[in-house]
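Participant: Coordinates for the following, if possible.
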Amino acid sequence: MSGILDEGNVGTDDTPADVEEIDLTMPRVSPLPKEDVPRAQKGKRRADSSERSPFEELDTRIAAIKESIEWGEETLLDLYSQMAQVTADMGQVSTALRRAKLQLWSLKKW
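Facilitator: Numbers count the residues shown, from 1 in each chain. Predicted structure coming up:
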């Protein structure tokens, strides 16, 4: 296996002899030059545009999240009521089993 990790290759054209430190305090990306900055749409041109503003997109996302929360709350309430019903049903089944066992026991005694 040869490559950067091989000590024999350090300083050759394939691997640098010393590594330049990266300054993490400086931003990596420089700001766009003025000619590359997109111009803001104004007035009627913006109103006619089919693109939505970031605020409209945010409002749409917020509405979708609220809808998801409402659905989750309704589903949770449904599950709780179903659990309560299952618990009640289990109680009835348990009572019926106890009665059946008592009847079986009394019939065996007889």
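Participant: Would you mind measuring from residue 90 to residue 100?
Facilitator: 15 Å (Cβ to Cβ, to the nearest Å). C-beta here means a position set from N, CA and C on the backbone, and glycine is covered the same way.
Participant: Then residue 68?
Facilitator: 47 Å.
Participant: Next: residue 63.
Facilitator: The spacing between residue 63 and residue 100, counted by Cβ to Cβ, is 55 Å.
Participant: again, but for residue 80
Facilitator: Taken as Cβ to Cβ, the span from residue 80 to residue 100 is 30 Å.
Participant: What of residue 82?
Facilitator: 26 Å.
Participant: Report the residue spans of the chain with pLDDT below the cut-off.
Facilitator: 1-50 (pLDDT under 70).
Participant: all helices of it, in order?
Facilitator: For the chain, the helices defined by DSSP state H cover 43-48, 54-109.
Participant: Can I get these in CSV including mean neighbour count?
Facilitator: Converted to CSV, the helices of the chain look like this (neighbours: other Cβ atoms under 10 Å):
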stretch, mean neighbour count
helix 43-48, 8
helix 54-109, 10
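Participant: Fine, thanks again, bye for now.
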